[in-house]
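K.L.:
A structural model of the following input is requested.
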Amino acid sequence: MSKKEIKENTDKLTCGIVMPISAIDGCNEQHWIDIKEIIDDAVTNAGFSPNLVSYADDVGIIQKRIIQNLYENPIVVCDVSGKNPNVMFELGLRLAFDKPTIIIKDDKTSYSFDTSPIEHLEYPRDLRFTKIIEFKENLKEKIKATYEKSQKDTEYTTFLKHFGSFTVAKLDTKEVSKEDYIIAELQELKRAISRQEKYNNRDIRLSSRYHTDGFDNRINNEDKLQKIASLIHNELISYSANERKNLSKSLKSDIKHKVMAKYPIESEADIDMIDTALNAML
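P.N.:
Model (predicted):
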């Protein structure tokens, strides 16, 4: 990717995406990958940068980023097909923030009572080509029109103000130094590991019946993760706080390769650990 393309992608406003990513309601994971590509095309054609707000199941850290994205993204597209519980929860958060939101669903999913007053764009679950082309064009225009209206109309509301006067939920923000930011992220990563330990205690006991070195492997993995996080920290401190916030995929990939060059990769699991730590700290 050229420097010009990186700058253009960085300059684009983000459109958050909320949708199922695992099998549900008779639709497998590949189905949702196809849907993601369709949404990405519409978002990109509307002039925005698509970003999946929920991209992992890690405890603690990822949830913080989900909420931040739901609050900060200028516009969000939410696919409620299959009525995935996580999707419906994230949609509820976005509506509580009363920020521009577009709801879509497939033609096999019924409307939910609480959100049925909001317009839903519909697409065919079987992804018929001509209908999908039409849907992508409609979604593109809806994204552009919704965002423009939210910017021009001071009384714009997605949901709440239709029912009366409410104080919209807000997230407090504060500026911290580069060093404080990195230390806080490392501490939160450590707390997440500790919480995950408690959740997996039963699994460790069960696995020890069959693998005598199960606990030793877990301790070793935690040590690896700490070392990887330290390497990432050393790379990140060369960037300003603003640069870290706006790291493109290309720069993030560069950091990953620098860490891989300094850390002895023994298996695919080690690469997964690097990805996990990167996602937690960026």
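K.L.:
alpha carbons only for contacts and neighbour counts from here, please
P.N.:
Noted.
K.L.:
in its sheet, what does the helix or strand encompassing N51 sit against?
P.N.:
Assigned by DSSP states H and E, N51 belongs to strand 48-52. Paired strands of strand 48-52, with direction, are strand 13-18 (parallel) (DSSP bridges).
K.L.:
what is the mean pLDDT for the strand holding N51?
P.N.:
Throughout strand 48-52, pLDDT has a mean value of 93.
K.L.:
ramachandran coordinates for the closest residue to G82 other than its chain neighbours?
P.N.:
In space, and not counting its chain neighbours, G82 is closest to D25: 5.4 Å by Cα to Cα, 6 or more residues apart in numbering. For D25, the backbone dihedrals (degrees, to the nearest 10) come out as phi 50, psi 40.
K.L.:
for burial, what's the neighbour tally of D25?
P.N.:
By other Cα atoms under 10 Å, 11 other residues sit near D25.
K.L.:
how does the protein divide into domains?
P.N.:
Here the domain parsing of the chain from automatic domain parsing is 11-163, 178-281.
K.L.:
list the buried ones in stretch 137-150?
P.N.:
For stretch 137-150, burial by neighbour count (16 or more other Cα atoms under 10 Å) applies to 139-140, 142-144, 146-147, 150.
K.L.:
so the residue nearest to T101 when sequence neighbours are not counted bridges to which residues?
P.N.:
Leaving aside its chain neighbours, T101 sits nearest to V76 (4.9 Å; criterion: Cα to Cα, 6+ apart). Per DSSP bridges, the residues bridged to V76 are G16, T101.
K.L.:
worst mean pLDDT among the domains of the chain?
P.N.:
Of all the domains of the chain, domain 178-281 carries the lowest average pLDDT, namely a mean of 64.
K.L.:
this protein: helices as residue ranges?
P.N.:
Secondary structure of the chain, counting by DSSP state H: helices at 3-11, 29-45, 61-72, 85-97, 129-152, 178-199, 201-208, 214-236, 241-245, 249-262, 268-281.
K.L.:
which neighbouring elements make contact with the longest one?
P.N.:
Under the contact criterion of 3 or more Cα pairs under 8 Å, 6 or more residues apart in numbering; DSSP states H and E, the helices and strands touching helix 129-152 comprise helix 29-45, strand 120-123.
K.L.:
go again with 7 Å.
P.N.:
Helix 129-152 sits against helix 29-45, with contacts defined as 3 or more Cα pairs under 7 Å, 6 or more residues apart in numbering; DSSP states H and E.
K.L.:
most tightly packed of the domains of the chain?
P.N.:
Of these, the one with the most neighbours on average (mean count of other Cα atoms under 10 Å) is domain 11-163, at a mean of 17.
K.L.:
return the distance of T130 relative to Y123.
P.N.:
Separation of T130 from Y123 (Cα to Cα, to the nearest Å) stands at 11 Å.
K.L.:
same deal with E72?
P.N.:
Per Cα to Cα, E72 is found 27 Å from Y123.
K.L.:
re earlier: now do the same contact list for the residue nearest to T101.
P.N.:
15-17, 100-102 (Cα atoms under 7 Å, 6 or more residues apart in numbering).
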